[in-house]
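Undergrad: Next input, structure requested:
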Amino acid sequence: MSPSPSPSLPPGQRVSAVFPRFGLTPYARRFPKEPSRAVIQVGGEVEEEIALSDPLEGLPRVEQVSDFHCVTTWSCLTLPWSGVRFADFFERVLEPRARPRPGASIVLLRGQDGYRTSLPLDDLLRPDVLLADRLAGEPLTIEHGAPLRLIAPAHYGYKNVKHLARIDFWHDLSRFRASAFRFMDHPRARVAQEERGQGFPGWMLRYLYRPLIGMTASRFAKAMEEHRRD
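TA: Below is the predicted model of the structure:
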């Protein structure tokens with residue numbers, strides 16, 4: 001993968017010709033337990049904890065083309081996703097059934113592989129945030145988040161949780177520990193504001209992350225090959 005700069009990209013990003021399986025290196029060999037079956041547990045500060053065995057059932061589907069921006073500075077452009085708007089899922093399923101308590105406006109997101117992060121509910125309710133189960137007209141592969149993942153184009157890739165399995169609502173982040181080191185996990189991670197992490201300017205983190213791209217992509221690719229052989 002050889003990213004190249006483009007003036008139309010957000011600050012510090014470079015175009016990648018490929019869309020690799022990528023993430024924190026401890027997750028290279030962690031895979032979803034049920035890649036063909038989407039189940040979401042909902043809890044935290046809610047009136048009723050629920051389990052959804054077919055979370056997208058009955059909800060209006062949408063097609064969306066959007067860019068994906070990794071915090072390590074590579075971007076994959078014009079990806080065609082298909083799924084359900086998180087706003088529709090919240091309004092038609094989570095609000096009436098789980099009933100988040102007033103003020104529970106921080107949403108914790110966890111994948112089947114144990115990865116976890118968070119986003120403010122207001123950010124998740126943007127019209128371009130999806131629960132996606134298809135990419136380029138095909139069901140998601142394990143590489144890209146099967147069976148169901150979050151797509152939040154305005155936020156760096158580490159907020160776009162793959163293999164989504166659990167959603168919790170809380171008033172604050174006091175009970176939450178992100179998968180990454182604290183300085184690597186911004187509460188919002190908005191691409192346009194270059195919120196790559198905490199405690200350091202976003203432009204500075206470019207130079208920490210960029211040399212790691214090739215090594216990380218190779219590690220994830222090798223782990224995927226071994227998983228297929230097993």
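Undergrad: State the next helix or strand along the chain beyond the longest strand seen in the chain.
TA: Taking DSSP state E as the criterion, the chain has its longest strand at strand 74-85. Next along the chain after strand 74-85, taking DSSP states H and E as the criterion, comes helix 86-89.
Undergrad: Any buried residues in that next one, and which?
TA: Neighbour-count burial for helix 86-89, counted by 16 or more other Cβ atoms under 10 Å, picks out 86, 88-89. Using the backbone N, CA and C atoms, a C-beta is placed for each residue, glycine as well.
Undergrad: Would you mind putting those into JSON lines with distance to His69 and pLDDT alongside?
TA: JSON lines is the format used below for these (distance: Cβ to Cβ, whole Å; pLDDT from 0 to 100):
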{"residue": "Phe86", "distance to His69": "18", "pLDDT": "98"}
{"residue": "Asp88", "distance to His69": "24", "pLDDT": "98"}
{"residue": "Phe89", "distance to His69": "23", "pLDDT": "98"}
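Undergrad: Out of those, which comes closest to Gly12?
TA: Of all those, Phe86 has the smallest distance to Gly12: 26.5 Å, by Cβ to Cβ.
Undergrad: Touching, that closest one and Asp128? I think so.
TA: No - using Cβ atoms under 8 Å, Phe86 is not in contact with Asp128; the gap is 9.5 Å.
Undergrad: Which neighbours in the sheet does the longest strand of the chain have, and how are they oriented?
TA: Partners of strand 74-85 in the sheet, by DSSP bridges, are strand 14-15 (parallel), strand 61-69 (antiparallel), strand 130-135 (antiparallel).
Undergrad: ok, so of the buried residues of helix 86-89, who is nearest Val107?
TA: Using Cβ to Cβ, Phe86 is the member of the buried residues of helix 86-89 that lies nearest Val107, at 9.2 Å.
Undergrad: Report the separation between the closest one and Tyr27.
TA: 23 Å (Cβ to Cβ, to the nearest Å).
Undergrad: cool, and Ile50?
TA: With distances taken as Cβ to Cβ, Ile50 is found 27 Å from Tyr27.
Undergrad: show me the contacts for the residue most central in space within the chain.
TA: Nearest residue to the geometric centre of the chain (Cα atoms, centre = their mean): Asn160, 1.2 Å. When the contact criterion is Cβ atoms under 8 Å, 6 or more residues apart in numbering, the partners of Asn160 are 68, 145, 149-152.
Undergrad: Taking these, tell me the two that lie furthest apart.
TA: Across the contacts of Asn160, no pair lies farther apart than Gly145 and Ala152, at 12.4 Å, counting by Cβ to Cβ.
Undergrad: Right, I'll call it a day here.
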